[in-house]
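>>> Build me a model:
(2 chains)
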Amino acid sequence: MLKVIVTRLMAAVPVIIGASFFVFAMMSLMPGDVADMLLDEVTASPEQKEALREQLGLNKPFPIRYVKFLSGAVRGDLGRSFVSNRPVLEEVMEQLPRTIELAVAGMTVAIALGMTLGILSAIRQNSWIDTVSMAVAMVGVSMPIFWLGLLLILVFAVNLRWFPALGQGSPRSLVLPAVTLGTLPAASIARLVRSSMLEVLRQEYMVTARAKGLREQTVIVRHALKNALIPTITIVGLQLGSLLSGAVLTETIFARQGLGQLTVSAIVRKDFPLVQACILVTSIFYVLANLLVDISYAWFDPRIRYE
Amino acid sequence: MTIKGHIMEKSDRISGTLSLGMEAKQENRIAEAFRRLQRNKGAILGLIILVLISLISVFAPLVATHNPIDAVFEESLLPPSSEHLMGTDVLGRDIYSRVIYGSRISLQLGFVSVAIAAFFGTVLGLQSGYFGGWLDMVVMRIIDVMLAFPGLLLAMGIVAGLGFSLTNAMIAVGISAIPGYTRVVRGSVLVIKENLYVDAARVIGCRDLAIMFRHILPNAMAPIIVLSTLGIARAIITGSALSFLGLGAQPPTPEWGAMLNHGRQWLRQGWWVTTFPGLAIMITVLSINMLGDGLRDALDPRLRV
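Numbers count the residues shown, from 1 in each chain, chains lettered A, B, ... in the order given. This is a model prediction of the structure:
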């Protein structure tokens, strides 16, 4: 098990370094001069612009700038914001917990809803429950989450007044964002749980379990579900990406503070150091989360551990 | 069996595969897949809706009742009526006509970004799988790095560098979808290149390019078709998400995501402003997903996730 963890960790290091290069290149190779953008074109003298370029290290060649960026990044220094002049990592870390809170709430909704729908439709295959759940799942994967969020606000906040439309802090204000964020992954999870349950239900050990005289409930939960869960872990891992993308949209819809909101505003303000930091931290977070899923996969399925 | 006999037998099999056998099998497979698709009611329904949407977008000037960009300030935020089928937005623009014209943008966005992704993804996957070696390793590491970003974030980063416009949104969505194609195509190529007909093509002196594009690619088409179909749906969602965030199509373009972004500020005053463009995205994406699911079941059930 330790070997699995170490191998996966080692494999993640080059990916993260590659990601840092990618982010840096994306922001550096774009057309336009940062000094022109930051300083007023009319009033700023060429000397002032030159001084700013010097200060930001923009007059050095690209590879040198990248090496400087990377060595700073390793020491936790990703530069300062063009707008607030604060260290960008500080701004990102301030927002990260808010996004994690939202992501965890969204994932909880996704797993609870997705598993319930998936299991129900598998054990009642071809019944009306199955048809309805799979239709809901199909609509769920086709629904743009930014529209779903607006609909939920329209129905539950504007008309029924059950939950607040905007803001954050109280558990009640987390409900609508969590449902918004969780629906799309829930639909994918439901579809996968259904098909992997159906596969397990056809196995011979299911017949054995029933022949032993076990109660139907025990057969489903202990024998079928436990085996059907393994592929489900993978899809939960795959859904992390759509969860992080979805968090950006959800935060925008519900005017919540968080990493997604910070990223969007940094992009709009052309605050490139902050954009770099936001995207890099999100991707590191994503890679590590996937790593965790990978490791738990090996934990749950011994066949993978011994390969 | 003598060596000569063995070689003759092998060459017999080779010529058999090369001439009649392969073409007949290919045609059979397509006919078979088409029959399976026809039996799938959801896929046919999706296809019909998609054709309707395409017709609407082609004949948009005839279907729309108003100019999608003209603002009439006296008619701000009118509810749906016989004059304005889906009401008007805060600038007094007819939402129905904007939704109709928006279909052009979304379909274009879907097709262009998938074309970008499928082209580069397929070429990269094909050469990686076929040649292997260090080039394969480099390409796959780059793909790994691209996969380290959640899709929308990658597109957002690219748009941040390129600037906000519909064209850049298409490019960004296209680039961020490349890894999926590269991985799947590479995987199929690794299997296909072990086939006898690939050896045969090499024996009769085909060049690598010819083998890759004439012998391997046609046999790897099934997953590419399925991925592209479902990819159009995903591209429309990601593209309109960018516009929703203000990073894609800019006003006054009648883009569905941008309309939602504009309308959400008047959610309390007019439910119709956001409801109809959202419905339009969902119906379009749903029809493509239904068709894509059907195609996957008909062409390549292994792709089912």
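>>> need the contact list for residue 191.
In the absence of a named chain, chain A is used. With contact taken as Cβ atoms under 8 Å, 6 or more residues apart in numbering or on different chains, A:R191 is in contact with A:G118, A:M134, A:A137, A:V141, B:V305. For the C-beta atoms, the positions are set from N, CA and C on the backbone; glycine is no exception.
>>> that's the wrong chain, I wanted chain B
Counting by Cβ under 8 Å, 6+ apart, B:V191 touches no other residue.
>>> What about the contacts of A:R191, which one has the most neighbours?
Ranked by the number of neighbours (other Cβ atoms under 10 Å in any protein chain shown), these place A:G118 first, at 28 neighbours.
>>> contacting residues for that residue?
By Cβ under 8 Å, 6+ apart, A:G118 lies in contact with A:S133, A:I189, A:A190, A:R191, A:L192, A:V193, A:R194, A:M197.
>>> Ok, B:L295 next?
B:L295 touches B:L37, B:A43, B:I225, B:V226, B:T229, counting by Cβ under 8 Å, 6+ apart.
>>> what's the closest of these to A:L288?
B:V226 (31.3 Å; Cβ to Cβ).
>>> State the distance from the closest one to chain A.
Computed with Cβ to the nearest Cβ, to the nearest Å, the distance linking B:V226 and chain A is 15 Å.
>>> And for B:R141?
Distance from B:R141 to chain A, by Cβ to the nearest Cβ: 7 Å.
>>> which parts of the stretch 151-300 of chain A sit against chain B?
Proximity of the stretch 151-300 of chain A to chain B, by Cβ under 8 Å from any Cβ of the partner chain, involves residues A:151, A:153-154, A:158, A:165, A:188, A:191-192, A:195, A:235, A:240-245, A:248-249, A:252-253, A:263-264, A:267-268, A:270, A:272, A:275, A:279, A:282-283, A:286-287.
>>> Count the residues that sit near the residue lying closest to B:L299 once chain neighbours are set aside.
With Cβ to Cβ, 6 or more residues apart in numbering or on different chains as the criterion, B:L299 has its nearest non-adjacent residue at 4.2 Å, and that residue is B:A222. Neighbourhood size, B:A222 [other Cβ under 10 Å]: 20.
>>> before we move on, what about A:T108?
Around A:T108 there are 12 residues (other Cβ under 10 Å).
>>> residue boundaries of the helices in the stretch 101-250 of chain B?
Counting by DSSP state H, counting those that start in this stretch, the stretch 101-250 of chain B has helices at residues B:133-146, B:151-162, B:166-176, B:178-192, B:196-203, B:208-210, B:221-244.
>>> C-terminal to the last one, what's the next element?
If I follow you right, that is helix B:221-244. Tracing the chain past helix B:221-244, the next element assigned as helix or strand by DSSP states H and E is helix B:256-263.
>>> tell me the angle of that following helix relative to helix B:166-176?
Angle, helix B:256-263 to helix B:166-176, by axes from the mean of the first three to the mean of the last three Cα atoms, to 10 degrees: 120 degrees.
>>> For the helix or strand that helix B:256-263 is followed by, what does the pLDDT average out to?
Where DSSP H and E defines the elements, the next helix or strand beyond helix B:256-263 is helix B:272-299. The pLDDT scores in helix B:272-299 average 92.
>>> picking that back up, which two of the contacts of A:R191 have the greatest separation?
Greatest spacing in those, by Cβ to Cβ: A:M134 and B:V305 (14.5 Å).
>>> quick revisit: what would the contacts of A:R191 look like in JSON lines with distance to A:R80?
As requested, those are exported to JSON lines (distance: Cβ to Cβ, whole Å):
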{"residue": "A:G118", "distance to A:R80": "48"}
{"residue": "A:M134", "distance to A:R80": "51"}
{"residue": "A:A137", "distance to A:R80": "46"}
{"residue": "A:V141", "distance to A:R80": "41"}
{"residue": "B:V305", "distance to A:R80": "43"}
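>>> Okay, and which of the residues you listed map to helices?
Using DSSP state H, the subset of the contacts of A:R191 located in helices is A:G118, A:M134, A:A137, A:V141.
>>> hey, where'd the strands end up in the stretch 101-250 of chain A?
Counting by DSSP state E, counting those that start in this stretch, one finds no strands in the stretch 101-250 of chain A.
>>> For it, which residues score under the pLDDT cut-off?
By pLDDT under 70, the stretch 101-250 of chain A has no low-scoring segment.
>>> count of neighbours near the closest residue to A:L151 other than its chain neighbours?
Take A:L151 and drop its neighbours on the chain: the residue closest to it by Cβ to Cβ, 6+ apart is B:G278, 7.0 Å away. Residues lying near B:G278 (other Cβ under 10 Å) number 25.
>>> again, but for the one 10 residues further on
B:I288 sits with 26 neighbouring residues when counted by other Cβ under 10 Å.
>>> ok, it touching B:S228?
No. B:I288 is not in contact with B:S228 according to Cβ atoms under 8 Å; the separation is 10.4 Å.
>>> Now do the helices in the stretch 1-150 of chain A.
All helices of the stretch 1-150 of chain A, identified by DSSP H, counting those that start in this stretch, fall at A:2-28, A:34-38, A:46-56, A:62-74, A:88-123, A:128-142, A:145-152.
>>> Most tightly packed of those helices?
Ranked by mean neighbour count, the helices of the stretch 1-150 of chain A are led by helix A:145-152 with a mean of 24 (mean count of other Cβ atoms under 10 Å in any protein chain shown).
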